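1. sequence first, predicted coordinates after that:
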Amino acid sequence: MISTLAFWIPHWAQQKPDATAIVFNDRAISWAQFQRAIVWHADELLRHGIKKGDRVACLLLNRPEFYEIFWACQTIGAVFVPLNTRLTPPELVEIIRDAQPGIFIAERASGLPQLDALLELLDTALPRVLLDRLAAAPTEHAIPTLAPTPCSLDDAAVIVYTSGTTGLPKGAVLTHGNIIASAHMWMADFKLTGADRHLMALPLCFTGGLIASSMHIFCSGAQMVLMEAFDPAQALQLIARHRLTWFIAVPLMLQRMRDDPKWEASDLTSLRGMQSGGAAVPVPLIEAYRQRGVELMQGFGITEGSAGSNLYLAPEFAVAKAGSIGRAGFSNEARIVADNGELAAADEVGELQLRGALIFREYWRRPQATLETFEDGWLKTGDLARRDADGFYFIVGRKKDMIVTGGLNVYPAEVERVLDSVPGITESAVIGVPDADWGEAVVAVLRVQPQTTLDTKAIDIACRAALAGYKVPKRFEFVDDFPRTVSGKILKRVLRETYSSTYASTDAATNANANAKQ
């Protein structure tokens, strides 16, 4: 029991009560203050009848209360369910109904545009708490005592929802043991300690922010500077002002910092490393940071693997093995399985599978989906990959057609469901094509009814009403028919090849014209 999550914060509150745990908007929160707030929130949850195993759904932007409520849940054995702040009310309702939480917590002052509409759609029997109506958690009186509810390493700590290939959301259940293993992995592989000072700029409603980028900080007793939302100029300023030593980001964030006018004048000398995930980092960007004395680590993680760096590429291999996701990290195993079910030979393409302490327990209320996701104890990622003779892994495609844009996952079936509901559209196929800024851009290929002309602006509006912005196609293409298999299935591979080359040619021509005018 001592090793479960509930004991982390009380430990540091006892060991170094006056040391700073979190800095937010120039407000320093000590470990003792953090612990008091956690216990206060835990007591509030208990007052609402929340008990061990109950789900607590939260729609919150980045703020200290996000962590306070997460740790309050761990204190009483409840299960934290973070909700994606970029989803629309219908998408959020679908998740809330599946999670069946005992309480819903949100914040009105943040100005989340979907909150009022969501509250109207929610079951009126579900208790709601708006943080704006709660008194501030006490910070000055003695640390209250609240004995943690006994939990095991196999008990659920958080449920993070990720869309399935059918377009229906699935909740990945991460346990206390998963999260502890994730923290230990980061500390072991990247040599992170309590002396580090971290910039936290990823959205906490995603596994990459809440688990992969945060838990090692709380486990090691390090300091965090929390941003409400990422801003490249502010990130550069905070790194210099607080002498930050570590930062986890996606490549687009790193590129925006590099492109910021304050880049050259910014003091990055305190940084001993940065870690990037979500997409491969281009070699020129790696070199740009190296010239400033900052080494970039790259990692590959999935929600079902606690979004940790299940595989990671050390900086000394960043250029020599460009494009690689590296090798298996601490407490992780990886393998490539060929189509015949045998282990793939070197450089043979097959499905990437993972095993280890970071792998999730199950999909919430989806026993069949859980069963189908595992093979002899190995998690089937759905990613097609190869492993070279040196043991480095390279992703070559996605078996499940998942699109990664700006570090966020988009599943085509979910977007296609919306497109197919638009009057005049007969059939749709959503694909990802390479994009210099986002890694991949979402493209919709549409077949419409004969003698029908559709306005792409109207299609865009329909998508934005039902989907988060990052899921909305950036381009719409129209075809008379799709390339298909003998059985009639759409060959998305052919579509990707066609439109990837089309956009590559267009981009090349645009760049050539731009250069000619210079």
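-> Nice, thanks for sending it over.

2. care to break the protein down by domain?
-> Using automatic domain parsing, the domain parsing of the chain gives 9-136+150-316, 403-517.

3. average pLDDT across the last one?
-> This means domain 403-517. Here domain 403-517 scores 83 as its mean pLDDT.

4. for the stretch 251-400 of the chain, what spans make up the strands?
-> 273-277, 296-300, 311-313, 327-328, 332-337, 350-356, 362-363, 374-375, 378-387, 393-398 (DSSP state E, counting those that start in this stretch).

5. remind me what the fifth one packs against, helices and strands.
-> This points to strand 332-337. Applying 3 or more CB pairs under 8 Å, 6 or more residues apart in numbering; DSSP states H and E, one finds that strand 332-337 contacts strand 350-356, strand 378-387. Bear in mind the C-beta positions are built from the backbone N, C-alpha and C, glycine included.

6. so of the ones you listed, which one's packed in deepest?
-> Among the helices and strands packed on strand 332-337, strand 350-356 has the highest mean neighbour count (mean count of other CB atoms under 10 Å), at a mean of 23.

7. report all helices and strands that that strand contacts.
-> strand 332-337, strand 378-387.

8. the ones you listed: lowest mean pLDDT?
-> strand 378-387 (a mean of 92).

9. got the angle for that one vs strand 332-337?
-> For strand 378-387 against strand 332-337, the angle by axes from the mean of the first three to the mean of the last three CA atoms, to 10 degrees is 70 degrees.

10. next, the residue nearest to V129 when sequence neighbours are not counted: secondary structure please.
-> Spatially, and ignoring its direct neighbours in sequence, V129 is nearest to I105 (4.9 Å; CB to CB, 6 or more residues apart in numbering). I105 carries the three-state label strand when classified by DSSP: H, G, I helix; E, B strand; the rest coil.

11. for D383, which non-adjacent residue is spatially closest?
-> Nearest residue to D383 in three dimensions, chain neighbours excluded: L352, at 4.6 Å (CB to CB, 6+ apart).

12. partners of the one you found in the sheet?
-> I336 (DSSP bridges).

13. wait, what's in contact with it?
-> For L352, the contacting residues are 334-336, 381, 383-385, 393, 395, by CB atoms under 8 Å, 6 or more residues apart in numbering.

14. let's go with 10 Å and repeat that
-> Residues counted as contacts of L352 (CB atoms under 10 Å, 6 or more residues apart in numbering) are 300, 302, 310-311, 325, 334-337, 344, 378-387, 393-396, 399.

15. then S276?
-> S276 makes contacts with 247-254, 285-286, 289, 296-299, 309, 313, 318, 407, as judged by CB under 10 Å, 6+ apart.

16. picking up where we left off before, could I get the domains of the chain as TSV with distance to Q368?
-> TSV is the format used below for the domains of the chain (distance: least, CB to CB, whole Å):
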stretch	distance to Q368
domain 9-136+150-316	11
domain 403-517	17
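
17. my guess is M200 contacts S214. True?
-> Yes - using CB atoms under 10 Å, M200 is in contact with S214, at 6.5 Å.

18. in JSON lines, list the strands of the stretch 251-400 of the chain along with distance to G49.
-> Formatted as JSON lines, those follow (distance: least, CB to CB, whole Å):
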{"stretch": "strand 273-277", "distance to G49": "38"}
{"stretch": "strand 296-300", "distance to G49": "40"}
{"stretch": "strand 311-313", "distance to G49": "42"}
{"stretch": "strand 327-328", "distance to G49": "43"}
{"stretch": "strand 332-337", "distance to G49": "39"}
{"stretch": "strand 350-356", "distance to G49": "37"}
{"stretch": "strand 362-363", "distance to G49": "26"}
{"stretch": "strand 374-375", "distance to G49": "35"}
{"stretch": "strand 378-387", "distance to G49": "35"}
{"stretch": "strand 393-398", "distance to G49": "43"}
